[in-house]
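J.: No sequence on hand, only this structure:
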C-alpha cells in the first residue's frame, strides 16, 4: 500500500486542524450569544466547557486517526476488535461530511460575492432596507447562487488536488495567517471608532446580573452547545488530520493549540463586531442578518468603510474556505482509502458529487422556497444544518468516546498509549471515570435538548 503523505510541518497541521474547526457559525454566533448572556461572564463558562467537553473528543479523534493512519472510512475497521461492528459508523460519519458541504459551499459563495460587492461599493449611500434588498435579490437568483457555489467547490477541490503538502497545507497556511492579520487590522479599526468603547464594555465586562437575568440554566446550555458545535467534532473531520502527523508530539497539547486558535478567532470577531455596531447605534443581530444586512450597513457609514468592509468579507471568505478545504480533504481521503484511486481522480469525482448535492440548498431559497421542512420560514439549509449539528456531531462524538473507553472497542489503555506518545502535554489517566460516564451523559443531554429546542 502506498505510504500516506504527511504534513511538512507541525505549524501546517495546527493551522489546518484549526481551519477545520474555525467556521462561520462560531465567528458570527459566538459574539452574539456572548453579548446576549452577559459578555465576559458567559465567556468564562464557555471556556470551562470547551476544556471539559471539546478537548477530550478532539484528542480521541486525533488518536484514532493517527493510530489507524486512515480517514474515518477505514479507521474503525483497522482498530476495532475482531467481530465487532464499530466500522459501521463510517457511513453516518461520511454522510455528515457530505451533508455539511451541501450547505456550507453555498454560504462560502455568499462570502465571495460580498467581497466583490463591498469592493465595488454597491452598498454606498444605501439605507438598511436597501442593504436587505440586495441580500434578498441574491437569494432569489438561482443562476447566480449556483454559479457562486460551483466557483467555491471547484476552488476547494483544485487546492486539494495539488496534494496534502503542495496544495492543502501550503494554501491553508497562507489563508490562516492572512485571516489572523486581517482580523488584527479590523480589531484595531473597530477599537478606534468613536463610540466603540461602549460596545467593548458590553462585550468584555462580566455582567453576572445580565447572566442571571437571561437565566443561568439557559446561559449554561448555550455555553455548552457553543463549546460543542464550534469544533466540528464527531464526524471524523478532525480525525483525518491525526492520520497525517508523526508521533513526535503528544496529542493533548496539539488539541489545545487547535482550541486556542479557534477561540482567539471567535473572540476577535466580537472585538470587530460589537464596537462597530455600538458606534453606529445598530443592534448586533445573530445569523445571516448580522453578516449580510447589519454589517454592510455599518461599514457603509464608517470612514473608509468600503476598504474595511472588503477586508472583513475577505476574512470571512478565508474562514469559510479553510473549513471547506479541510472537509474536502476528508472526502478525497474517503475515496482514496476505499477505492485506492489517485488523489486527482478522487478530487474530480468528489467535485462533481458536491456540485450536484449542493443544488437543493441553493434552490431552497428561491424555486423550492415553498418546501419548509422544519416549519414556517425554514429552508433546505436549515434541515441540512439540523441533521449535521443536532444529530451527526453529538451522536458521532458518543461513538468516539465509547470506542476509546470501552473494552469492547479500542479501549482506554490503547487510546492513552496513542494520545501520550511523543513529548508535550499528557492526557491524564485519572479522568477515566469522567470520560467514560459523565462526558457521554453531557453529550446525550445536548443531543436531546437540541430536539426539545427545535420541536417543543
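T.: Right, received. Where do you want to start? If you're wondering where the values come from, they're calculated on a predicted model, not measured in any experiment.

J.: Only C-alpha atoms from now on, for both contacts and neighbour counts.
T.: OK.

J.: does the nearest residue to residue 393 once chain neighbours are set aside count as helix, strand or coil?
T.: Residue nearest to residue 393 in three dimensions, not counting chain neighbours: residue 234, with 4.5 Å by CA to CA, 6 or more residues apart in numbering. Taken by DSSP: H, G, I helix; E, B strand; the rest coil, the conformation at residue 234 corresponds to coil.

J.: how many neighbours does residue 234 have?
T.: Using other CA atoms under 10 Å, residue 234 has 29 neighbouring residues.

J.: From residue 130, how far out is residue 144?
T.: With distances taken as CA to CA, to the nearest Å, residue 144 is found 19 Å from residue 130.

J.: next helix or strand past the helix-or-strand element of the chain with minimal mean pLDDT?
T.: Lowest on mean pLDDT, DSSP states H and E among the helices and strands of the chain sits helix 287-289, with a mean of 78. Downstream of helix 287-289, the first helix or strand assigned by DSSP states H and E is helix 295-301.

J.: from the chain's centre, how far out does that next one sit?
T.: Taking CA atoms, centre = their mean, to the nearest Å, one finds helix 295-301 lying 25 Å from the centre of the chain it belongs to.

J.: Give the buried residues for that helix.
T.: 295-301 (16 or more other CA atoms under 10 Å).

J.: Stretch 250-263 too?
T.: Neighbour-count burial for stretch 250-263 [16+ other CA under 10 Å]: 250-259, 261-263.

J.: Over to stretch 301-318?
T.: 301-302, 305-318.

J.: Let's see which of these end up in strands.
T.: Among the buried residues of stretch 301-318, no residue falls in strands (DSSP state E).

J.: tell me which of the residues you listed is nearest to residue 421?
T.: residue 318 (33.0 Å; CA to CA).

J.: Okay, now the unreliable bits of this protein?
T.: Per-residue confidence for the chain (pLDDT under 70) gives these ranges: 1-3.

J.: again, 50 this time
T.: 1-2 (pLDDT under 50).

J.: So which elements touch the helix or strand containing residue 404?
T.: Residue 404 is part of helix 393-405 when elements are defined by DSSP H and E. Judged by 3 or more CA pairs under 8 Å, 6 or more residues apart in numbering; DSSP states H and E, helix 393-405 is in contact with helix 55-68, helix 412-419, helix 439-455.

J.: one more time with 10 Å, if that's ok
T.: Applying 3 or more CA pairs under 10 Å, 6 or more residues apart in numbering; DSSP states H and E, one finds that helix 393-405 makes contact with helix 55-68, helix 75-79, helix 90-120, helix 216-229, helix 412-419, helix 439-455.

J.: What angle do helix 90-120 and the longest helix belonging to the chain make with each other?
T.: Secondary structure of the chain per DSSP state H: the longest helix is helix 305-339. Helix 305-339 and helix 90-120 are oriented at 160 degrees to each other (axes from the mean of the first three to the mean of the last three CA atoms, to 10 degrees).

J.: For helix 305-339, what is the distance to the chain centroid?
T.: Worked out by CA atoms, centre = their mean, helix 305-339 lies 10 Å from the chain centre.

J.: Stretch 291-306 now?
T.: 25 Å.

J.: how far away is the residue nearest to residue 55 when sequence neighbours are not counted from residue 339?
T.: The shortest distance from residue 55 to any non-neighbouring residue, by CA to CA, 6+ apart, is to residue 255 (6.5 Å). Shown here: residue 255 relative to residue 339, a distance of 30 Å by CA to CA.

J.: and what of residue 401?
T.: 28 Å.

J.: neighbour-wise, which of the two wins?
T.: Comparing residue 401 with residue 339 by other CA under 10 Å, the one with more neighbours is residue 401, at 25 against 10.

J.: Just list the residues touching that one, thanks.
T.: 56-57, 60-61, 234, 395, 409, 411-412, 435-437, 439-440, 443 (CA atoms under 10 Å, 6 or more residues apart in numbering).

J.: and with 7 Å instead?
T.: Each residue near residue 401 by CA atoms under 7 Å, 6 or more residues apart in numbering is listed here: residue 57.

J.: Equivalent analysis for residue 228, please.
T.: Contacts of residue 228 (CA under 7 Å, 6+ apart): 53-54.

J.: ok, how many other residues are close to residue 9?
T.: 12.

J.: how close does it get to residue 254?
T.: 13 Å.

J.: what do you get for residue 194?
T.: Relative to residue 254, and taking CA to CA, residue 194 is found at 40 Å.

J.: Next up, phi/psi of residue 249, please.
T.: Per-residue torsions, residue 249: phi -120, psi 140 (degrees, to the nearest 10).

J.: How about it, nearest residue that isn't a chain neighbour?
T.: Residue 249 sits nearest to residue 422 (CA to CA, 6+ apart), 4.3 Å away.

J.: likewise residue 161?
T.: residue 344 (5.1 Å).

J.: so the one you found is in which element?
T.: Using DSSP H and E, residue 344 falls in helix 343-357.

J.: What helices and strands are in contact with that helix?
T.: If you count contacts as 3 or more CA pairs under 7 Å, 6 or more residues apart in numbering; DSSP states H and E, helix 343-357 packs onto helix 142-161, helix 305-339.

J.: now these in a markdown table, with distance to residue 104?
T.: Listed next are those as a markdown table, based on distance: least, CA to CA, whole Å:
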| stretch | distance to residue 104 |
| --- | --- |
| helix 142-161 | 9 |
| helix 305-339 | 7 |
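
J.: looking at these, which is buried most?
T.: Of these, the one with the most neighbours on average (mean count of other CA atoms under 10 Å) is helix 305-339, at a mean of 23.

J.: count of residues packed around residue 109?
T.: Residues near residue 109, counting by other CA under 10 Å: 23.

J.: Can you report how many residues neighbour the residue nearest to residue 203 when sequence neighbours are not counted?
T.: Computed as CA to CA, 6+ apart, the closest residue to residue 203 that is not its neighbour in sequence is residue 39, at 4.6 Å. Other residues near residue 39 come to 25 when the count uses other CA under 10 Å.

J.: Quick check: phi and psi on residue 39?
T.: According to degrees, to the nearest 10, residue 39 has phi 60, psi -130.

J.: Also residue 423?
T.: phi -120, psi 160.

J.: picking that back up, who's in contact with the residue nearest to residue 249?
T.: Contacts of residue 422 (CA under 7 Å, 6+ apart): 247-250.

J.: Also residue 12?
T.: Contact partners of residue 12, counting by CA under 7 Å, 6+ apart, are 169, 173.

J.: Could you list the buried residues of the helix or strand harbouring it?
T.: Here residue 12, judged by DSSP H and E, is contained in helix 10-21. Neighbour-count burial for helix 10-21 flags 12-21 (criterion: 16+ other CA under 10 Å).

J.: Quick one: distance of the helix or strand that comes right after it to the chain centre.
T.: Using DSSP H and E, the next helix or strand after helix 10-21 towards the C-terminus is helix 24-36. Computed by CA atoms, centre = their mean, the chain-centroid distance of helix 24-36 equals 12 Å.

J.: Likewise for stretch 232-243?
T.: With CA atoms, centre = their mean, you get 12 Å for stretch 232-243.

J.: first vs last residue of that stretch, how far apart are they?
T.: End-to-end distance (CA to CA), stretch 232-243: 17 Å.
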